[in-house]
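K.L.:
build me a model:
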Amino acid sequence: MTAANPVPPGATIGILGGGQLGRMTALAAANLGYRCHVFAPDAESPAAAVSAAWTRAAYDDHDALAAFAAAVDVVTYEFENVPVACAEFLAPRVPVRPGAELLRVAQHRGREKTFFAGIGVATAPFALAATEAEFVAAVRSVGAPCVAKTTTEGYDGKGQARIDAASDLPAVWARLGGRELIVEGFVDFAAEASVIAARGVDGTTSCFPVGRNVHRDGILHTTTLPGGFDAATLRRAEEIGRATAEAFDLVGLVCVELFVTRDGGVLANEMAPRPHNSGHWTQDCCVTSQFEQLVRAVCGLPLGPVTMRGAGASMTNLIGDEAAEWRRFLAEPDAKLHLYGKRDSRPGRKMGHVNRWRV
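P.N.:
Reported below is the predicted structural model:
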């Protein structure tokens, strides 16, 4: 597949993972005339509910993966915890975009930090620990206050603990599962932000406008644009997005979560090689949504414009029972409700979001 020979509308996009990001990607793909085939082991799949086909199988089921590869024209993924071996198995059979190397780095917080250092992007100071003794030494090296995180699989505040001078370190080590941890220096940031970069088959790179993120209980609560950042901060955020995309020879999307420090510095926190929660506002408030942009990129189509439709936008996540207020959101004149079709609501579960705009 090249930019001159794209995957045409009417073809089938394979999506690894069955969550809401896959669902919104499938809806955007349908608007461009594509079919989607979801591969996910879960009993419930918001993505499969709106897709043409669903293979429900484990990510290490090679027979199912081979059949999936034969049934699709290109493969992408909607979350970063798809096993790297799965992407590597598929890659000789069908284009996998983004590639497995970005997946491997994004799955491990230590590799992420090392990668950012390698491309000249600042991060919080950090140290890795594979044993309790190494964990204690890592905390002493980085200094308290700091944050301990599992190196893999943690998200939305899971697998994390804040540490201060009085913390019982052996107890923290045990509570986080006695597994490999990264200890990160505490950043007294002024704001959180994120940059989402898209890169096409021809190397064209484009970044969405940068929003200000606010988290609640470790989960993204709102993203607001404009975010009130100065020109230098916005320029540096875009530089980081572009550098990350180009370093991996990306085809697809990558989001880099950022800390904006009180002295104007911009530090990279984490990356996600897929559409990101902080980019949901683009569905209703940007000429091209992040989901359409992913489809365009992985199919070899030209990237779309990322101009905001109005003067301002915001996205509010609906967590747990908040989605039960759907009538109120539908009544708002300048709001658009998106629900993910999940059957069961529970604390901390993302059930939908509301986009609002200002002309």
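K.L.:
can you pull out the helices in this protein?
P.N.:
For the chain, the helices defined by DSSP state H occupy 20-31, 62-71, 84-90, 100-106, 109-118, 132-142, 169-175, 231-247, 282-285, 290-298, 326-331.
K.L.:
export those helices to a markdown table and tack on mean neighbour count, mean pLDDT and distance to residue 357?
P.N.:
(Glycine included, C-beta is placed from N, CA and C.) As requested, the helices of the chain are exported to a markdown table (neighbours: other Cβ atoms under 10 Å; pLDDT from 0 to 100; distance: least, Cβ to Cβ, whole Å):
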| stretch | mean neighbour count | mean pLDDT | distance to residue 357 |
| --- | --- | --- | --- |
| helix 20-31 | 24 | 98 | 18 |
| helix 62-71 | 15 | 98 | 38 |
| helix 84-90 | 19 | 97 | 36 |
| helix 100-106 | 21 | 94 | 31 |
| helix 109-118 | 18 | 96 | 33 |
| helix 132-142 | 17 | 96 | 42 |
| helix 169-175 | 15 | 95 | 42 |
| helix 231-247 | 19 | 98 | 20 |
| helix 282-285 | 22 | 98 | 5 |
| helix 290-298 | 27 | 98 | 16 |
| helix 326-331 | 12 | 97 | 14 |
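K.L.:
residue 307 contacts residue 285, doesn't it?
P.N.:
No: judged on Cβ atoms under 8 Å, residue 307 makes no contact with residue 285 at a distance of 10.2 Å.
K.L.:
which neighbours do those two share?
P.N.:
Among the neighbours of residue 307, none is also in contact with residue 285 (Cβ atoms under 8 Å, 6 or more residues apart in numbering).
K.L.:
redo the helices of the chain as CSV? Include distance to residue 199.
P.N.:
Listed next are the helices of the chain as CSV, based on distance: least, Cβ to Cβ, whole Å:
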stretch, distance to residue 199
helix 20-31, 17
helix 62-71, 23
helix 84-90, 17
helix 100-106, 11
helix 109-118, 16
helix 132-142, 33
helix 169-175, 39
helix 231-247, 4
helix 282-285, 16
helix 290-298, 7
helix 326-331, 34
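K.L.:
which one of the ones you listed lies nearest to residue 194?
P.N.:
Among these, helix 231-247 comes nearest to residue 194, with 8.2 Å by Cβ to Cβ.
K.L.:
related to what we said a few turns ago, relative to residue 223, which of the helices of the chain is closest?
P.N.:
Judged by Cβ to Cβ, the one of the helices of the chain that comes nearest to residue 223 is helix 282-285, at 9.9 Å.
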